[in-house]
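Trainee: Mind looking at a prediction? Sequence and model below.
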Amino acid sequence: MKRIVFLLLGMMAVLPAFAQPNRDKWAFKPKDSWPFLYEDFTEGVVCSDTGDDILTGRVNVSVLNQKLYYIKGEDIMEADMLKVFSVRVGLDVFVNVAGKLYKVLAESKGGAAVRALFLDTEQLNKASIGYGVSSSVAATQNVAGLAMDSNAGININQAIASKEGGKEIPIAEKTYILFCRNRIVPALKREVMDVPGLDKDKAKAFFKEHKIKWSQPESLTEVADFLTENLL
């Protein structure tokens, strides 16, 4: 089976001079005026499911909808996620699952451990601006300003000018197992055991034999391989 993410050797040749964002922790904290994972639009490569490069340029990932944005001229544009298979930004690799980008933590022949990074609406709703009034409505209105569709755009210079004045917004992280190319399940034993069609006894024996550590991405790829091999 084709590896889930990239023809990595080809990508390595393309990207030696690119900036190298932090692979695990995000130094930049997204703001209501700049709801993106990266502080700046960074050089990246976007690939189709055939492995062809369909875009090379400055890109970023929204925490509002987990979609890809890129610079066209002086405007920020939303990518057509139907054409996007994977994205590489420095050392960070993302894969598209059902129209959303997930950061790849580790990969194997049959799948990957991936992480979703998104706006934590629960924490946002708990925020208060005084007198017991929730700030969620105001904050949501602000961050929605950059949640544009593919037919709209905002000037990058205007966005940068407003970035510094914004307020930090809460971000949630959740780890998943990607298997059978486009199926995904939360990286929890109880969730995996509920995957339709799974032989539960066989799964339990596999988890015990391989001493699966559910918090370790490399161990999760063994689960991905098992699911792919037994459910395809």
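Mentor: Arrived safely, thanks for sending.

Trainee: So A116 sits against Q66, correct?
Mentor: Yes. Contact status for A116 versus Q66: in contact at 6.6 Å, counting by C-beta atoms under 8 Å. For glycine as for every other residue, the C-beta is placed from the backbone atoms N, C-alpha and C.

Trainee: Need the overlap of contacts for these two.
Mentor: Shared contacts of A116 and Q66 (C-beta atoms under 8 Å, 6 or more residues apart in numbering): 100, 102.

Trainee: So those two - more neighbours on which side?
Mentor: A count of neighbours by other C-beta atoms under 10 Å puts Q66 above the other of A116 and Q66, at 22 against 18.

Trainee: and stretch 52-71, which residues are buried?
Mentor: By 16 or more other C-beta atoms under 10 Å, the buried positions in stretch 52-71 come out as 55, 58-70.

Trainee: same thing with stretch 173-192?
Mentor: By neighbour count with 16+ other C-beta under 10 Å, stretch 173-192 contains the buried residues 175-180, 183-185, 187, 192.

Trainee: where exactly do the strands run in this structure?
Mentor: Ranges of strands in the chain, per DSSP state E, are 42-47, 53-61, 68-72, 75-78, 86-89, 92-97, 100-107, 111-119, 154-155, 171-179, 183-186.

Trainee: Could you list every helix and strand in contact with the third one?
Mentor: With contacts taken as 3 or more C-beta pairs under 8 Å, 6 or more residues apart in numbering; DSSP states H and E, strand 68-72 sits against strand 53-61, strand 75-78.

Trainee: before we move on, the earlier item: any chance of a markdown table for the strands of the chain, columns distance to F36 and mean pLDDT?
Mentor: A markdown table is the format used below for these (distance: least, C-beta to C-beta, whole Å; pLDDT from 0 to 100):
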| stretch | distance to F36 | mean pLDDT |
| --- | --- | --- |
| strand 42-47 | 10 | 96 |
| strand 53-61 | 4 | 94 |
| strand 68-72 | 7 | 95 |
| strand 75-78 | 9 | 93 |
| strand 86-89 | 11 | 95 |
| strand 92-97 | 13 | 96 |
| strand 100-107 | 12 | 96 |
| strand 111-119 | 10 | 95 |
| strand 154-155 | 12 | 88 |
| strand 171-179 | 11 | 96 |
| strand 183-186 | 23 | 97 |
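
Trainee: Turn these into CSV, columns for distance to I212.
Mentor: Formatted as CSV, these follow (distance: least, C-beta to C-beta, whole Å):
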stretch, distance to I212
strand 42-47, 30
strand 53-61, 29
strand 68-72, 32
strand 75-78, 37
strand 86-89, 26
strand 92-97, 22
strand 100-107, 13
strand 111-119, 12
strand 154-155, 44
strand 171-179, 11
strand 183-186, 14
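
Trainee: what about those, which gets the closest to A205?
Mentor: Of all these, it is strand 171-179 that lies closest to A205, at 18.0 Å by C-beta to C-beta.

Trainee: Show me what stretch 218-225 is in contact with.
Mentor: Stretch 218-225 has contacts (C-beta under 8 Å, 6+ apart) with 105-113, 175, 177-179, 187, 192, 207, 210-214.

Trainee: Report the buried members of those residues.
Mentor: 105-108, 110-113, 175, 177-179, 187, 192, 207, 212, 214.

Trainee: Leaving out sequence neighbours, find the closest residue to the most centrally placed residue in the chain.
Mentor: Closest to where the C-alpha atoms of the chain average out (C-alpha atoms, centre = their mean) is Y102, at 2.7 Å. Excluding the flanking residues, the one nearest Y102 by C-beta to C-beta, 6 or more residues apart in numbering is V114, at 3.7 Å.

Trainee: which ones are touching the one you found?
Mentor: Contacts of V114 (C-beta under 8 Å, 6+ apart): 95, 97, 102-105, 175-178, 184.
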